[in-house]
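K.L.:
Quick one: sequence and predicted model below, then my questions.
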Amino acid sequence: QVQLQESGPDLVKPSQTLSLTCTVSGGSITANYYYWNWIRQPPGKGLEWIGYINYSGSTHYNPSLKSRISISRDTSNNQFSLHLNSVIPEDTVVYYCARQEGGGTLKYGCWGKGTQVTASS
């Protein structure tokens, strides 16, 4: 059974860079043909897709966030990470990592529990 676990700071100061890591167990992040996503949810609002890195290492980002984000992976530790720079207070949300069941579907089969990040000085 694949499990995902987010980790990272609870608090980050505005203008700094937020880095979150998703550790995957029970399956490889290089396994065909999964896409590994970051998704976030502001308080009282719907989910916002941030971006993904897929099984081959290709990435794709939400255009509204593209200038501030990058997603990388560490295959030796079976992890993928989100880097969000120039943090603003509106980045105070819950961040989730999730496995997308292939590029041709929007089905997310596995989710992490989420981690709350607060952007505040």
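P.N.:
Everything's here; your move. Treat the numbers as computed from the prediction; the structure is a model and nothing was measured.

K.L.:
what's the nearest residue to Tyr95 once chain neighbours are set aside in contact with, if anything?
P.N.:
Excluding the flanking residues, the one nearest Tyr95 by Cβ to Cβ, 6 or more residues apart in numbering is Arg40, at 4.9 Å. Yep, even glycine has a C-beta here, placed from its N, CA and C like the rest. For Arg40, the contacting residues are Leu47, Glu48, Ile50, Val93, Val94, Tyr95, Tyr96, by Cβ atoms under 8 Å, 6 or more residues apart in numbering.

K.L.:
could you redo the last one with a cut-off of 10 Å?
P.N.:
Contact analysis of Arg40 by Cβ atoms under 10 Å, 6 or more residues apart in numbering lists 20, 47-50, 62, 65, 82, 84, 91-96, 114-115, 117.

K.L.:
where exactly do the strands run in the chain?
P.N.:
Using DSSP state E, the strands of the chain run over 3-7, 11-12, 18-25, 35-41, 48-54, 59-61, 69-74, 79-84, 93-100, 108-111, 115-119.

K.L.:
quick one, the fourth one and strand 115-119 angle?
P.N.:
Following axes from the mean of the first three to the mean of the last three Cα atoms, to 10 degrees, one obtains 60 degrees for the angle between strand 35-41 and strand 115-119.

K.L.:
With just CA atoms, put strand 35-41 into CSV.
P.N.:
C-alpha atoms of strand 35-41 as CSV (Å, rounded to 0.1, in the frame of the first residue of the first chain):
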residue,chain,number,x,y,z
TYR,A,35,2.5,11.6,-11.6
TRP,A,36,3.5,13.1,-8.2
ASN,A,37,1.6,16.2,-7.3
TRP,A,38,1.5,19.1,-4.9
ILE,A,39,-1.9,20.5,-4.1
ARG,A,40,-2.9,23.1,-1.6
GLN,A,41,-6.1,24.3,0.0
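
K.L.:
related to what we said a few turns ago, how about the strands of the chain in CSV, adding mean pLDDT?
P.N.:
Formatted as CSV, the strands of the chain follow (pLDDT from 0 to 100):
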stretch, mean pLDDT
strand 3-7, 98
strand 11-12, 96
strand 18-25, 98
strand 35-41, 97
strand 48-54, 97
strand 59-61, 97
strand 69-74, 98
strand 79-84, 98
strand 93-100, 97
strand 108-111, 94
strand 115-119, 96
